[in-house]
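Student: Dropping the sequence and predicted coords here.
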2 protein chains.
Amino acid sequence: VSKFLDKLTAAAKGQACCLCVGLDPDPGKFPAHLKEKGAGAISEFNRAVIDATKDLAAVYKPNLAFYEAHGETGLRALSETLAHIPSEIVTIGDAKRGDIGNSAKQYARALFDGLGFDAVTVNPYMGTDCVLPFLEYADRGVIVLVLTSNPGSADFQRHHHLFLRVVEMAAEWNKSGNVGIVVGAQHPEELAKIRLLAGDMPILVPGVGAQGGDLAAVIEAGKGKEPGRLLVNVSRGILYASSGVDFADASRKAAEDLVGRMKDGD
Amino acid sequence: VSKFLDKLTAAAKGQACCLCVGLDPDPGKFPAHLKEKGAGAISEFNRAVIDATKDLAAVYKPNLAFYEAHGETGLRALSETLAHIPSEIVTIGDAKRGDIGNSAKQYARALFDGLGFDAVTVNPYMGTDCVLPFLEYADRGVIVLVLTSNPGSADFQRHHHLFLRVVEMAAEWNKSGNVGIVVGAQHPEELAKIRLLAGDMPILVPGVGAQGGDLAAVIEAGKGKEPGRLLVNVSRGILYASSGVDFADASRKAAEDLVGRMKDGD
């Protein structure tokens, strides 16, 4: 078992289905008193959300797009955000990188050595040699896109059941026990099939909340044997639960509600 | 015709097959007098290569991995590098991004508005809605991975000829005339088939040089009707042509040799 999996099990506190909070800060959606500071308020916003939800979240998942969009200011906010996350909570860098070995090595270096993420998401389109440089960090998690939560997931991922082929390959890549997969909440039938193929690998499920997936169906189809093998991500539904000065309290309430439903669904 | 395509045509100076120089700086491979400065020498290294090759290159293509690996220092070097590229030469941000619309919009903002690239590479795995936010920048180029130059391209891209489906979709996405595709030099037979399907879209071909692809076969199979519709990328073969103080002269000689062979192959 990898160090990544051990940390995930501990962070799950016995729950099969755990909350992953997507830290995708969009200054345009910030509460009025922070909005005027623009990207300069990202770190403050994230820290307030983390403080309000850290006893409820097993995982925090910053999507790098929301930081890169603001250049140096955004990247500094990302570092400050990561520094603020309690060390026992798992961090996933949602970067969806994929490139030839020579370049993938540099991305792995940026995300694991530089930013210090416990795990990252990777795009499988370019194949095995593009995933290997990430897998070589055996103490970190590598979470492979399989069947995503957006409408476009039908365009190529379903081409002759490609997504099932990706699950098979992900299982082959899992020699160090550090591989996970991404399956959107919009596909509960496929999720059940994928769970059978994937064994007890962690499955990260986006698409509950703003994107409308059914949490109970996801838990039914996707939960694993060990705690923390089903990670349900909610971003906008928690971050923007209120646009008032009480936004952090509202984030906490939204997270509490979700965690309650996750326990009921177990 | 898009502004991107116009700029590409002008930069091609009448040549069907043009040189794209991949600016993938690896301080570990720098000449001895720069190596000791590490990432602090990236900008100086790139500027020397640009000065030595700018009358030969139609396109410069920095791969973002090589800058992100060095954090703030790397990103500052990327900005300095872009500022040094003559405005008539096309810049492609080789970022291979792909994410749901909400996030893709942020990546497009980072790469087009922030860094100011003329074009970017995108990963198609997540489907149409993940490419749309890039396409909305109708004056910029969006270059879609189809069949890449690495061994792993066989793993998923060839799954029931998925890569041909991607070409078909790329042609559908090309309403503003700003779409291109990536096909590795390792696949000349498929390149000929893809050129037929893709019409006169620009095709970016990595894999000549360090990765061993056959330039004459690529030109035969891939050239288009208009100038600049076949872009052959070489990175390591130009950047590290010499590890001495004469590295920039050696880069120029390697680039001259390539451009000569490109003209002969037309």
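Tutor: Looks like it came in fine.
Student: Going by C-alpha atoms from here, please, whenever you check contacts or count neighbours.
Tutor: Will do.
Student: At the contact with chain B, which residues of the stretch 101-250 of chain A appear?
Tutor: Within the stretch 101-250 of chain A, the positions near chain B by Cα under 8 Å from any Cα of the partner chain are A:103-104, A:106-111, A:114, A:123-130, A:148, A:150-157, A:159-160, A:162, A:165-166.
Student: at 7 Å what do you get?
Tutor: Neighbours of chain B within the stretch 101-250 of chain A, by Cα under 7 Å from any Cα of the partner chain: A:103, A:106-107, A:109-110, A:114, A:125-129, A:148, A:150, A:152-153, A:155-157, A:159-160, A:162.
Student: Let me see the ranges of the strands in the stretch 1-150 of chain A.
Tutor: With DSSP state E, counting those that start in this stretch as the criterion, the stretch 1-150 of chain A has strands at A:17-23, A:59-62, A:90-97, A:119-122, A:141-147.
Student: Can you list the strands that the fourth one pairs with?
Tutor: Put plainly, it is strand A:119-122. strand A:90-97 (parallel), strand A:141-147 (parallel) (DSSP bridges).
Student: Give me whichever of these is most buried.
Tutor: strand A:141-147 (a mean of 28; mean count of other Cα atoms under 10 Å in any protein chain shown).
Student: can you dump the C-alpha coordinates of that one into PDB?
Tutor: C-alpha atoms of strand A:141-147 as PDB (Å, rounded to 0.1, in the frame of the first residue of the first chain):
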ATOM      1  CA  GLY A 141      -1.300   9.500  -6.000                       C
ATOM      2  CA  VAL A 142      -1.900   9.500  -9.800                       C
ATOM      3  CA  ILE A 143      -5.600   9.900 -10.700                       C
ATOM      4  CA  VAL A 144      -6.400   9.100 -14.300                       C
ATOM      5  CA  LEU A 145      -9.300  10.700 -16.200                       C
ATOM      6  CA  VAL A 146     -11.700   7.800 -17.300                       C
ATOM      7  CA  LEU A 147     -15.200   9.100 -17.900                       C
END
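Student: Rounded mean pLDDT for that strand, please.
Tutor: Throughout strand A:141-147, pLDDT has a mean value of 98.
Student: ok, now stretch A:203-223?
Tutor: Per-residue pLDDT values across stretch A:203-223 average out to 90.
Student: again with stretch A:103-121
Tutor: Mean per-residue pLDDT for stretch A:103-121: 98.
Student: Mind listing residues that contact it?
Tutor: A:4, A:79, A:90-96, A:98, A:130, A:133-134, A:140-144, B:65-66, B:68-71 (Cα atoms under 7 Å, 6 or more residues apart in numbering or on different chains).
Student: Contacts only, for the residue lying closest to A:Leu64 once chain neighbours are set aside.
Tutor: Using Cα to Cα, 6 or more residues apart in numbering or on different chains and skipping the chain neighbours, the partner closest in space to A:Leu64 is A:Ala95 (5.5 Å). For A:Ala95, the contact set (Cα under 7 Å, 6+ apart) comprises A:63-64, A:120-122.
Student: Next, format those as TSV and append neighbour count.
Tutor: Listed next are those as TSV, based on neighbours: other Cα atoms under 10 Å in any protein chain shown:
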residue	neighbour count
A:Asn63	23
A:Leu64	21
A:Val120	26
A:Thr121	25
A:Val122	24
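Student: how far away is the residue positioned nearest the centre of chain A from chain B?
Tutor: Residue closest to the average C-alpha location in chain A (Cα atoms, centre = their mean): A:Lys61, at 4.5 Å. The span separating A:Lys61 from chain B equals 13 Å under the rule Cα to the nearest Cα, to the nearest Å.
Student: who's in contact with A:Leu56?
Tutor: Applying Cα under 7 Å, 6+ apart, the residues contacting A:Leu56 are A:255-256.
Student: okay if I get the strands of the stretch 1-150 of chain A as TSV plus distance to B:Asp55?
Tutor: Converted to TSV, these look like this (distance: least, Cα to Cα, whole Å):
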stretch	distance to B:Asp55
strand A:17-23	45
strand A:59-62	42
strand A:90-97	33
strand A:119-122	37
strand A:141-147	41
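Student: Let me know which of the ones you listed is the nearest to B:Ala16.
Tutor: Smallest distance to B:Ala16 across the strands of the stretch 1-150 of chain A (Cα to Cα): 31.8 Å, for strand A:90-97.
Student: Next, the buried residues of the longest helix seen in chain A.
Tutor: In chain A, assigned by DSSP state H, the helix with the most residues is helix A:247-265. The neighbour-count check on helix A:247-265 (16 or more other Cα atoms under 10 Å in any protein chain shown) flags A:247-256, A:258-259, A:262, A:265 as buried.
Student: Make TSV from those and add pLDDT to it.
Tutor: Listed next are those as TSV, based on pLDDT from 0 to 100:
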residue	pLDDT
A:Phe247	97
A:Ala248	97
A:Asp249	97
A:Ala250	97
A:Ser251	98
A:Arg252	98
A:Lys253	98
A:Ala254	97
A:Ala255	97
A:Glu256	97
A:Leu258	96
A:Val259	97
A:Met262	95
A:Gly265	73
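Student: burial measure for A:Glu136, as a count.
Tutor: By the measure other Cα atoms under 10 Å in any protein chain shown, the count of residues near A:Glu136 is 14.
Student: need the contact list for it.
Tutor: So A:Glu136 contacts nothing (Cα under 7 Å, 6+ apart).
Student: That one and chain B: what is the separation?
Tutor: Using Cα to the nearest Cα, A:Glu136 is found at 16 Å from chain B.
Student: So what does that residue look like in phi/psi?
Tutor: phi -60, psi -20 (degrees, to the nearest 10).
Student: where does it land on pLDDT?
Tutor: The model's pLDDT for A:Glu136 equals 97.
Student: thinking A:Pro188 is in contact with A:Val218, fair?
Tutor: Yes - A:Pro188 lies in contact with A:Val218 (Cα atoms under 7 Å); the separation is 5.7 Å.
Student: Looking at the two, which is more packed in?
Tutor: Neighbour totals were compared for A:Pro188 and A:Val218, and A:Val218 leads with 26 against 21 (other Cα under 10 Å).
Student: Please give me every residue in contact with that one.
Tutor: Each residue near A:Val218 by Cα under 7 Å, 6+ apart is listed here: A:185, A:188.
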